[in-house]
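> quick one, fold the following:
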Amino acid sequence: MPPSTPSQPEILAAVNAVRTARLNLEWEPISIKQAKSIKRRPVRGPIWSSRTTFPVEGCADILRIVSDAIHDLAFDNGHHDFTPPTLADVNADWIGHRSGVGATEPEPPGLSEGEKYEHLMQEARSPLVIFYLFGGNLQ
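Alright, predicted model coming up:
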């Protein structure tokens with residue numbers, strides 16, 4: 001039997017329930033919400049995660065290349081006020097499968113990020129490993 005489509009009174013009741021719940025929330029600045037959402041949570045379960053940082057040193061040419069590209073791609077090829085962004089270190093995670101552990105087991109204590117990477121590579125079943133780059137200020 002196919003699922004039934006909700007009636008208009010059911011939809012209105014659901015919307016009112018969500019609206020009531022939302023209106024009862026305490027107001028909080030977006031910066032506080034963002035700070036709560038970007039905290040690093042401990043790695044658990046069948047996952048190896050080795051964190052690394054690529055430092056900004058030696059990447060000064062990137063700003064020149066981006067600036068040149070923006071200037072060259074301008075529609076009118078005229079002067080453009082463009083303030084290039086500052087470069088920042090890039091945080092990244094190497095992520096792979098971890099064998100023989102339960103869904104809630106924490107990562108082994110006392111391992112360096114390099115040791116975690118070595119374990120990740122030893123347990124890799126294929127040449128595919130996820131390299132996760134992320135923006136923002138996740139520490």
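> any weak-confidence spans in the protein?
The model of the chain has pLDDT under 70 over residues 1-2, 75-80, 82, 129, 134-139.
> what ranges do the strands span in it?
47-54, 90-97, 130-133 (DSSP state E).
> take those and lay them out in JSON lines including mean neighbour count and distance to residue 67.
Heads up, the C-betas are built off the backbone N, CA and C, glycines and all. Output for the strands of the chain, formatted as JSON lines (neighbours: other CB atoms under 10 Å; distance: least, CB to CB, whole Å):
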{"stretch": "strand 47-54", "mean neighbour count": "17", "distance to residue 67": "21"}
{"stretch": "strand 90-97", "mean neighbour count": "17", "distance to residue 67": "19"}
{"stretch": "strand 130-133", "mean neighbour count": "10", "distance to residue 67": "22"}
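> residues in contact with the closest residue to residue 131 other than its chain neighbours?
If the residues on either side of it in the chain are set aside, residue 131 comes closest to residue 94, at 5.9 Å by CB to CB, 6 or more residues apart in numbering. Residues in contact with residue 94, defined by CB atoms under 8 Å, 6 or more residues apart in numbering, are 48-50, 52, 117, 120, 129-132.
> pull out the buried residues from the longest helix along the chain.
Criterion DSSP state H: the longest helix present in the chain is helix 8-23. Across helix 8-23, burial judged by 16 or more other CB atoms under 10 Å covers no residue at all.
> what's the offset of it from the middle of its chain?
Offset of helix 8-23 from its chain centre (CA atoms, centre = their mean, to the nearest Å): 32 Å.
> same thing with stretch 92-101?
Put simply, stretch 92-101 sits 16 Å off its chain's centre (CA atoms, centre = their mean).
> with stretch 52-63 instead?
20 Å.
> compare the strands of the chain and give me the one nearest residue 31.
strand 90-97 (19.7 Å; CB to CB).
> orientation of that closest one relative to strand 47-54 in degrees?
Strand 90-97 and strand 47-54 meet at an angle of 160 degrees, taking axes from the mean of the first three to the mean of the last three CA atoms, to 10 degrees as the criterion.
> describe which strands strand 90-97 pairs with in its sheet and in which direction.
In the sheet, strand 90-97 lines up against strand 47-54 (antiparallel), strand 130-133 (antiparallel) (DSSP bridges).
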